[in-house]
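Engineer: From the sequence below, what's the structure:
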Amino acid sequence: MTDKEITIQMQLEAIKVSYIASLSEKRDVIDQHWQSLKADWLADTFDAVYLVIHGLAGSAETFGFPDITRQARKVVDQFKQLKSHAPPDDSGFISEIDQEIQTLLIIMENTSPKQDSEI
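Structural biologist: Got it, this is the predicted structure:
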């Protein structure tokens, strides 16, 4: 490897480490917004939790975390089934989304900064 390639590789690794470090905060944000949304279904809260999860769906695999991407996409797909920001009439649907979000949070929690996935 040339010095330039080594520098680029080091920069990419630093970005990955930063991304991994952000997962804990994103996990907390998702959990807080989701709990708030279940208690009081507000459009702003819906948008906030959706944007964080959508961001994970689009970025996690890039950094070597395909499980996070797959699970986040499942949640995003469920959110898209809602026709509006109004709460679903079916409480079973809320339970389904809750289960998928809890699975996402567990996957995120189990993501270790020491995973050696290629970027």
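Engineer: Point out where the chain drops to low pLDDT.
Structural biologist: Along the chain, segments meeting pLDDT under 70 span 83-85, 112-119.
Engineer: can we see that at 50?
Structural biologist: Along the chain, segments meeting pLDDT under 50 span 114-119.
Engineer: so where do the helices sit in it?
Structural biologist: 3-39, 43-59, 66-81, 91-109 (DSSP state H).
Engineer: how about TSV for those, with mean neighbour count added?
Structural biologist: Using the backbone N, CA and C atoms, a C-beta is placed for each residue, glycine as well. Formatted as TSV, the helices of the chain follow (neighbours: other Cβ atoms under 10 Å):
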stretch	mean neighbour count
helix 3-39	14
helix 43-59	17
helix 66-81	17
helix 91-109	16
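Engineer: tell me the contacts of the nearest residue to Lys38 once chain neighbours are set aside?
Structural biologist: Leaving aside its chain neighbours, Lys38 sits nearest to Ile94 (6.7 Å; criterion: Cβ to Cβ, 6 or more residues apart in numbering). Counting by Cβ atoms under 8 Å, 6 or more residues apart in numbering, Ile94 makes contact with Lys38, Pro87, Pro88.
Engineer: so the first one sits right up against Ser95, yeah?
Structural biologist: No: between Lys38 and Ser95 there is no contact under Cβ atoms under 8 Å: 10.1 Å.
Engineer: State the distance from Val16 to Met10.
Structural biologist: For the record, residue 16 is Lys, not Val. The spacing between Lys16 and Met10, counted by Cβ to Cβ, to the nearest Å, is 11 Å.
Engineer: which ones are touching Lys105?
Structural biologist: To be clear, residue 105 is Leu; Lys isn't right here. In this structure, Leu105 makes contact with Arg27, Ile30, Asp31, judged by Cβ under 8 Å, 6+ apart.
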